[in-house]
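*Asks:* This is the structure alone, sequence omitted:
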Ligand code: K1U
Ligand code: ZN
């Protein structure tokens, strides 16, 4: 399994809109395994293919305490969302060290293919619902900081650009 490099905000590649996966084949299964490995290594609860510079509709998630319940969503489509919404604190592996509140639907239903190409419907609430919405935004080229005020977003952008300049030195 390979550790994939994660793109950091404000990399313009994070704004690309992902295309549907055409066929769930060995290439996709290898990508799934590498994304799960990368997510667990980074101590994340989710990862979208966009974040590893692959612009196809694929997400991996594991919100379990034991980190032993991987969820693979290929070509995910939102089929239902609750009317109720709440603010939830979010983080992002592409924006390390930044946490802020984002309004999300309390519950969602998502239909997607799994890593074997079988269609499944996931009924998510709690942190899983928040994570699914955050990851599906990545596939549309949207990073959670886009929900924050322009002032906050610009501060985060400047901080991230400074961090990346320092790392390059
Ligand atoms: O997409 C990502 O970058 C992964 C992200 C997923 C996520 C976390 C929290 C809310 C919504 C989506 C992370 O895993 S960030 C790191 C993390 O584990 C975490 C951060 C804040 C709260 C809970 C978990
Ligand atoms: Zn993220």
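*Replies:* Yep, it's here. The structure presented is a predicted model; accordingly, all values stated were derived computationally and were not measured. Ligands and ions are numbered 1, 2, ... in the order given.
*Asks:* can you tell me which residues contact the most centrally placed residue in the chain?
*Replies:* Closest residue to the average C-alpha location of the chain: residue 135 at 3.0 Å, with C-alpha atoms, centre = their mean. Neighbouring residues of residue 135 by C-beta atoms under 8 Å, 6 or more residues apart in numbering: 46, 47, 48, 59, 61, 73. For every residue, glycine as well, the C-beta is placed using N, CA and C.
*Asks:* Recalculate using a threshold of 7 Å.
*Replies:* Applying C-beta atoms under 7 Å, 6 or more residues apart in numbering to residue 135 gives the contacts 46, 48, 59, 61.
*Asks:* Contacts (any at all) between ligand 1 and the strand ranked longest in the chain?
*Replies:* Determined from DSSP state E, the single longest strand within the chain is strand 71-81. No: applying C-beta under 6 Å from any ligand atom, one finds strand 71-81 separated from ligand 1 by no less than 12.4 Å.
*Asks:* what sits up against the longest helix anywhere in the chain?
*Replies:* Secondary structure of the chain per DSSP state H: the longest helix is helix 150-168. Identification of contacts with helix 150-168 by C-beta under 7 Å, 6+ apart yields 8, 9, 10, 95, 98, 100, 145.
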